[in-house]
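Trainee: When you get a sec, could you give me coordinates for this:
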Amino acid sequence: MYYRLIKIAFIIAVIVGFPGCKKYPENNLWFKNPEKTFKGGYITSFNRNGVDLMPYYRTLYKNFPYNYYGASIADVFSLPFTYSSSNKDFSSEIGSGSLEFSQTKREVEITFKPINEAYGAENMFIDKLSWKIIKLTKSGQMKIRADYNFKYYEIQFN
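Mentor: All right, here's what the predicted structure looks like:
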């Protein structure tokens with residue numbers, strides 16, 4: 001009888017405990033290493049305080065200094081970002097840097113420099129800022145969020 005009661009208590013604890021350990025607010029990533037799961041991808045959503053910033057950056061990258069020294073980029077978001085977990089390299093045709101997962105694997109820090117930064121090109125990623133991972137799926141989709149100067153930014157990679 002005593003062992004049966006312990007067994008029932010253990011089963012209840014497991015059932016109640018599993019939903020309580022969400023890795024990320026929008027999903028779980030069970031038994032996967034986040035650094036190996038995320039490979040980069042296209043930015044499919046970019047918001048500041050809920051307002052879409054994609055049209056703003058599309059317009060910027062059509063003109064110098066954001067484009068390739070005079071060649072217009074029709075859609076900056078059609079250019080993929082790549083990520084290598086072995087050397088933490090994070091790059092695109094528009095620039096390069098690094099992406100590092102925190103020890104808890106719940107945040108990333110992005111360091112990025114646009115190719116034409118010396119000519120005044122604005123960095124679309126706020127350097128050395130800790131981004132909280134909101135969603136990370138087995139297929140590599142990642143959604144991140146950061147708070148900076150009383151504004152929140154959200155970026156989604158697919």
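Trainee: element containing Glu154?
Mentor: Using DSSP states H and E, Glu154 sits in strand 151-157.
Trainee: Strands of this structure, start to end?
Mentor: Assigned by DSSP state E, the chain shows strands spanning 40-41, 43-48, 51-52, 81-84, 89-92, 95-101, 107-114, 129-136, 142-148, 151-157.
Trainee: and Tyr83, what does it touch?
Mentor: Tyr83 is in contact with Phe38, Lys39, Gly40, Asp89, Phe90, Leu99, counting by CB atoms under 8 Å, 6 or more residues apart in numbering. Quick note: C-beta positions are derived from backbone N, CA and C, even for glycine.
Trainee: Check the nearest residue to it once chain neighbours are set aside and give its pLDDT.
Mentor: Leaving aside its chain neighbours, Tyr83 sits nearest to Gly40 (4.1 Å; criterion: CB to CB, 6 or more residues apart in numbering). Predicted confidence (pLDDT) for Gly40: 93.
Trainee: do Ser92 as well
Mentor: Predicted confidence (pLDDT) at Ser92: the value is 92.
Trainee: any idea how far it is from Phe150?
Mentor: Distance, Ser92 to Phe150, by CB to CB, to the nearest Å: 28 Å.
Trainee: Pick out whichever of the two has more residues nearby.
Mentor: Using other CB atoms under 10 Å, the more surrounded residue of Ser92 and Phe150 is Ser92, with 18 against 6.
Trainee: Pro80 is in contact with that one, correct?
Mentor: Yes - at 6.7 Å, Ser92 and Pro80 qualify as touching, with contact defined as CB atoms under 8 Å.
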